[in-house]
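make a model of this:
(chains A, B and C)
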Amino acid sequence: MVELRPNDQALVNLGGIRKEVSIGLVDGVQLGDYVIVHVGHAIGTVDPEEARRTLALFAEMDHTP
Amino acid sequence: MKYIDEFRDGDLARQIGARIADEARPDRRYSFMEFCGGHTHAISRYGVLELLPSNVRMVHGPGCPVCVLPIGRIDLAIRLALERGAIVCTYGDTMRVPASDGLSLIKAKARGGDIRMVYSAADALAVARAHPEREVVFFAIGFETTTPPTALAIRQAQHEGLGNFSVLCCHVLTPSAITHILESPEVRQLGTVPIDGFIGPAHVSIVIGSSPYEHFAEEYRKPVVIAGFEPLDVMQAILMLVRQVNDGRAHVENEFTRAVTPEGNRKAQALVSAVFELRPSFEWRGLGEVPYSALKIREAFADFDAERRFALDYRSVPDNKACECGAILRGVKRPTDCKIFGTVCTPENPVGSCMVSSEGACAAHYTYGRFRDIPVVAAPVPATEEVTP
Amino acid sequence: MRTDIDQAAGGEAPAPRPVKKNYIRPLDIRRGRIDMGHGAGGKAAAQLIEELFLAAFDNPFLRQGDDGAVLALPAFDPAEGRLVMATDGHVVSPLFFPGGNVGCLAVHGTVNDVAMMGARPLYLSASFIIEEGFPLADLQRIVTSMAAAAREAGVPVVTGDTKVVEQGKGDGVFISTTGVGVLPAGVHISGRHARPGDVLLLSGTIGDHGVAVLSQRESLAFETAIESDTAALHTLVAAMLEAAPGAVRVLRDPTRGGLATTLNEVARQSGVGMLLREADIPVRPQVDAACELLGLDPLYVANEGKLIAVVAPEAAEALLATMRAHPLGADAARIGEVTADPHHFVQMATRFGGRRVVDWLSGEQLPRIC
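Numbering: from 1, shown residues only, chains lettered A, B, ... in the order given. Next up is the predicted model:
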């Protein structure tokens, strides 16, 4: 999220593309937060700590048959 | 693209694939149902099946809202446009679903119906504002992810006093669909459709949370792993399911921890229950009548209910006899089991809804996977070396 | 005003006064609009042609002022000589987009069609169907841009036509262009000529044009720096044909329907299959992001300044180097090979590690992108 706009709208940035979406369905979104967008609405935020943990899980080195 | 590219990494994919192959017991088959159109699409588009061992099989469930929309509902939308002169706004995929009398929304448009593709419910509101002299109907389909945006639009319409806006509500619920599959005779009989576990939907779970799935795990002793919609998420979820099956566990696990919490998006849920209520029964294409599986608009917002405003009368229409969408949606048959798959029924000329939406099992298989059905000959290497006698 | 030659009674006849033309107010480009009179073939039409079209396209052919153009073709052995003709209709919406407009798009499109046959484009015709009420200022912008594109490409517009339709029966302006060119001796390029083992070369990034046009559509409203890649490719083609004569088997520009559609067309025409490598297909990060946001696949998004070449494997390296040395081929890449496949599948090894079929586009994903 890069910019808050009136009427529960916000500007989001994905890889350089900027688009206005509705944030009417989420509470407490801050600038810099990552949101998940569906049909023009943000429906949830991405927790960076959990994201990191999930990626670490993918790369788990300790797999025993 | 952050939080997207990392979850599509090919090296990690191979590692997880190797782990699945290691841990899947060679003496048994594993059959998992994925329930989310986004997952069906991810599996096909990234070729996830190639990275799984042959005894791990994926079954596509009824997770595509366009696919489970019965013909009769589309007929209602078409009639609103052609007979009542309303501007009908709909999501893209709904446009091509074949309905009665050889029509579809896109064909009705060619006959003069004012049917417009929109990307969100908010777009439909904008159309209503721009055309105060016309009736504007938003054809609302989808599971729990698209329902909150529709609720938002209805509330906004009430707030603005938009007298020409209404919604044809065909929103359906995920847990009811899963129950229905688990209750179906084929599944209850041992050995017919052995579904060993479910991959829980991504977006839907962001909204409803992970706790609604506890019920299935307990009642039916089937593990559920909620997965994100990137291919690595799906693969990790499959690994987690294999482990649960091996250990004889049946719990709800969350792979998509970065976006899904046990309680979900409370704000969205509150909005939905303020605007909608449960229908006692609703017809799903391929599943028949399913109790408490769909929503209708509450009395308080009756002004915005297209069914009440236009006194619409729903008529059930049976599917084409040759179409196996019903069985495919229930996971009983595969696309290739349908006699008309790829011959009469193709994405260009769809007979049933599984072929229309890119998330439908048949369309996904046709577009991305049908090469596996037919042996493909490798290119002969052009001879460059001299043959020494 | 009339003029009379004074007839003096006796004495010297005075020098005749020059004939004054009837006064015609010049076109009001700034505020004027096309009306039905402009299409009626009378004075208003003539004025539109002279002050707007001829002024922009001006060349010796058009100055003749005839219904058709008399063209000299370069000398060639009639037994060997072959003419190439191609035609296009341009209905892109919106008419103006980042990086171009319907005018230069029209010129590039037809020049490219001729060039994809391996021919040297020589002449263009342009026909305009304009909607009543269309602002002259916009028309001039389009025509000026077209003329500039034609001049830059070295391919003049030698004949044309204009018609006007009632308001509501058109979409601003539709442009139809036809081009002719000559095929050098020994050049045989066709979609039928791909053979198993041949190499697939792509001249640059895909999806730019489609994304640029979509970014202007109100319903989508996203901001991006992506511009259309619209360009004339004939000099790139000429360089390639010179670098490796006989080695270029197929040339196509992947316009509507994108790379995927074009490759499927060639696969079917030649009766072969193809295997692509996703990791080798160049896509700008912003185009990737836009497609992600809109739920599109870059493989199916239109391009207007790129070409795909199917070439003999032994010449692939040299041709790739030639392409990269040309300004329009800086990002050229080798993206796959032709295979023997009776089912004509175009397959792709995904970045993820699995394989998928890259099928024909089904249905209308992006209306009026070209």
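
tell me if I'm right that C:D171 and C:V91 touch.
Yes. The criterion here is CB atoms under 8 Å, and C:D171 meets it with C:V91 at 6.9 Å. All C-beta atoms are positioned from the backbone trio N, CA, C, and that covers glycine.

what helix or strand is residue 55 located in?
Picked chain A for this. Using DSSP states H and E, A:L55 falls within helix A:48-58.

meant chain C actually
With DSSP H and E as the test, C:A55 turns up in helix C:55-57.

so what does that helix touch, helix or strand wise?
Judged by 3 or more CB pairs under 8 Å, 6 or more residues apart in numbering or on different chains; DSSP states H and E, helix C:55-57 is in contact with helix C:136-153.

run the chain-centre distance for the helix it packs on.
From the chain centre to the centre of helix C:136-153 is a distance of 13 Å (CA atoms, centre = their mean, to the nearest Å).

now do it, average pLDDT.
When pLDDT is averaged over helix C:136-153, the result is 96.

returning to that earlier point: can you tell if the helix holding A:L55 touches chain C?
No. Against chain C, helix A:48-58 shows no contacts by CB under 8 Å from any CB of the partner chain, the least distance being 12.8 Å.

now do that helix: distance to the chain's middle.
The chain centre lies 14 Å from the centre of helix A:48-58; the measure is CA atoms, centre = their mean.

neighbouring contacts of it?
For helix A:48-58, contacts defined as CB atoms under 8 Å, 6 or more residues apart in numbering or on different chains pick out A:34, B:3, B:6-7, B:9, B:12, B:15-16, B:228, B:232-233, B:236, B:255-259.

now swap in stretch B:298-316 and tell me
Stretch B:298-316 is contacted by residues B:70, B:72-73, B:75-76, B:79-80, B:84, B:86, B:135, B:137, B:154-155, B:157-158, B:163, B:165-169, B:274-277, B:283, B:296-297 when judged by CB under 8 Å, 6+ apart.

so which bits of chain A are right by chain B?
A:14-15, A:22, A:24-27, A:34, A:36, A:38-41, A:43-48, A:50-51, A:53-55, A:57-59, A:63, A:65.

now these: which count as buried?
Among the residues of chain A next to chain B, the ones that count as buried by 16 or more other CB atoms under 10 Å in any protein chain shown are A:14-15, A:22, A:24-26, A:34, A:36, A:38-41, A:43-47, A:50-51, A:54-55, A:58.

near B:F229, how many residues? Count them for me, please.
20 (other CB atoms under 10 Å in any protein chain shown).

please apply the same query to B:F139.
27.

could you find the closest non-adjacent residue to the residue in the stretch 51-200 of chain B that chain A sits nearest to?
Here the stretch 51-200 of chain B gets closest to chain A at one residue, B:S120, 3.4 Å apart by CB to the nearest CB. Excluding its sequence neighbours, the residue lying closest to B:S120 (CB to CB, 6 or more residues apart in numbering or on different chains) is A:G40, at 3.4 Å.

so B:L52 touches B:I238, yeah?
Yes. Applying CB under 8 Å, one finds B:L52 in contact with B:I238, separated by 6.9 Å.

picking up where we left off before, which residues sit against the helix holding C:A55?
Against helix C:55-57 from outside (CB under 8 Å, 6+ apart): C:A126, C:Q140, C:V143, C:T144, C:M146, C:A147, C:A150, C:P156, C:V157, C:G160.

follow-up on the earlier one: my guess is the residue of the stretch 51-200 of chain B closest to chain A meets A:H41, correct?
Yes. At 6.7 Å, B:S120 and A:H41 qualify as touching, with contact defined as CB under 8 Å.

give me the common contacts of those two.
Contacts common to B:S120 and A:H41, judged by CB under 8 Å, 6+ apart, are A:S22, B:P149.

all strands for the stretch 151-300 of chain B, in order.
Secondary structure of the stretch 151-300 of chain B (DSSP state E, counting those that start in this stretch): strands at B:165-171, B:197-200, B:224-226, B:252-254, B:276-284, B:288-297.

adding mean neighbour count, mean pLDDT and distance to chain A, write these out as CSV.
Below are those laid out as CSV (neighbours: other CB atoms under 10 Å in any protein chain shown; pLDDT from 0 to 100; distance: least, CB to the nearest CB, whole Å):
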stretch, mean neighbour count, mean pLDDT, distance to chain A
strand B:165-171, 26, 96, 13
strand B:197-200, 27, 92, 15
strand B:224-226, 28, 95, 12
strand B:252-254, 22, 94, 9
strand B:276-284, 17, 93, 15
strand B:288-297, 18, 90, 16
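
ramachandran angles for C:E317?
phi -60, psi -50 (degrees, to the nearest 10).

repeat that for C:G172.
Torsion angles, degrees, to the nearest 10, at C:G172: phi 90, psi -90.

identify the residues contacting it.
Taking CB under 8 Å, 6+ apart, we find C:G172 in contact with C:L95, C:I130, C:E131, C:F134, C:D138.

now, which of the residues you listed lie within helices?
Members of the contacts of C:G172 lying in helices (criterion: DSSP state H): C:D138.

gap between stretch B:94-110 and the chain center?
Per CA atoms, centre = their mean, the centroid offset for stretch B:94-110 relative to its chain is 20 Å.

what are the C-alpha coordinates of it, in CSV please?
Extracted in CSV, the C-alpha atoms of stretch B:94-110 (Å, rounded to 0.1, in the frame of the first residue of the first chain):
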residue,chain,number,x,y,z
THR,B,94,-20.1,-15.8,-16.6
MET,B,95,-20.5,-14.3,-20.1
ARG,B,96,-19.8,-17.5,-22.0
VAL,B,97,-21.6,-20.1,-19.9
PRO,B,98,-24.2,-21.9,-22.1
ALA,B,99,-27.7,-21.5,-20.9
SER,B,100,-31.2,-22.3,-22.4
ASP,B,101,-32.3,-21.8,-26.0
GLY,B,102,-28.7,-21.8,-27.3
LEU,B,103,-28.1,-18.6,-25.5
SER,B,104,-25.4,-17.3,-23.2
LEU,B,105,-24.9,-13.8,-21.8
ILE,B,106,-22.4,-13.0,-24.6
LYS,B,107,-24.9,-14.3,-27.2
ALA,B,108,-27.7,-12.3,-25.6
LYS,B,109,-25.5,-9.2,-25.9
ALA,B,110,-25.2,-9.9,-29.6
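
may I see the buried residues of it?
Residues of stretch B:94-110 classed as buried: B:94-99, B:103-109 (neighbour count, 16+ other CB under 10 Å).

now those residues in TSV, with pLDDT and secondary structure?
Shown next, in TSV, are the buried residues of stretch B:94-110 (pLDDT from 0 to 100; DSSP: H, G, I helix; E, B strand; the rest coil):
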residue	pLDDT	secondary structure
B:T94	85	helix
B:M95	86	helix
B:R96	80	helix
B:V97	82	coil
B:P98	82	coil
B:A99	87	coil
B:L103	87	coil
B:S104	88	coil
B:L105	91	helix
B:I106	87	helix
B:K107	88	helix
B:A108	92	helix
B:K109	90	helix
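
can you spell out the domain ranges of chain B, please?
With domains defined by automatic domain parsing, chain B comprises B:5-18+B:28-63+B:174-254, B:71-173+B:264-309.

for those domains, which one sits closest to C:V237?
domain B:5-18+B:28-63+B:174-254 (33.3 Å; CB to CB).

what about that closest one, distance to the chain center?
For domain B:5-18+B:28-63+B:174-254, the distance to the chain centre is 14 Å (CA atoms, centre = their mean).

start and end of it, how far apart?
21 Å (CA to CA, to the nearest Å).

is that domain anywhere near chain C?
Yes. Domain B:5-18+B:28-63+B:174-254 is in contact with chain C by CB under 8 Å from any CB, via B:8, B:10, B:13-14, B:17, B:44-51, B:231.

about what we covered before: would you mind checking the contacts of helix C:55-57 for buried ones?
Among the contacts of helix C:55-57, those scoring as buried are C:A126, C:Q140, C:V143, C:T144, C:M146, C:A147, C:A150, C:P156, C:V157, C:G160 (criterion: 16+ other CB under 10 Å).
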